[in-house]
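Student: sharing a sequence plus its predicted fold:
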Amino acid sequence: MVPLTAPTCWTTPCCALAARTRSSTWGIATEPHSKLKVLQALTRRFMLSPDVDLEDVAAQCPPQLTGADLYALCADAWMGALKRRICEVEVEGMQQRGVLGAGSSSGSG
């Protein structure tokens, strides 16, 4: 849910200061090493390809990414991999049934 108006406490100087300094007090991981730890935790159950380098991914992330942003990044990557695998399985099944020729998707011959 997204509030339509800001809570009244955000207009007080104390709360406004807390909102501005949120990145330092709410744990936004600004260093690649911190991002790497978060990525490792989020992908601990993933079967990553051997060519995936989480250190490289962490180094390429902008410094303002939050843990939620990293979670979304991992979830999107996982969903993309799942969709690719589903397509591969469907093509394999069609080839086994003879709907598609092996190595060909057009079926012309």
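Tutor: Noted; the coordinates are in hand. Numbering: from 1, shown residues only.
Student: after the helix or strand of the chain with the lowest mean pLDDT, next one along is what?
Tutor: Comparing every helix and strand of the chain by mean pLDDT, DSSP states H and E singles out helix 22-25 as the least confident one, with a mean of 46. Remark: after helix 22-25, the chain's next helix or strand is helix 32-42, criterion DSSP states H and E.
Student: against which helices or strands is that next one packed?
Tutor: The elements that helix 32-42 packs onto, with contact taken as 3 or more C-beta pairs under 8 Å, 6 or more residues apart in numbering; DSSP states H and E, are helix 54-60, helix 67-97. Every residue, glycine included, has its C-beta placed from N, CA and C.
Student: I'd like the mean pLDDT over the shortest one, please.
Tutor: Just to be clear, that refers to helix 54-60. Helix 54-60 comes out with an average pLDDT of 95.
Student: how about residues contacting it?
Tutor: 32, 33, 35, 36, 39, 40, 43, 48 (C-beta atoms under 8 Å, 6 or more residues apart in numbering).
Student: and the buried ones among the residues you listed, selectable in ChimeraX?
Tutor: Below is the selection syntax for ChimeraX that covers the buried ones among those, with 16 or more other C-beta atoms under 10 Å defining burial:
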select :32,35,36,39,43
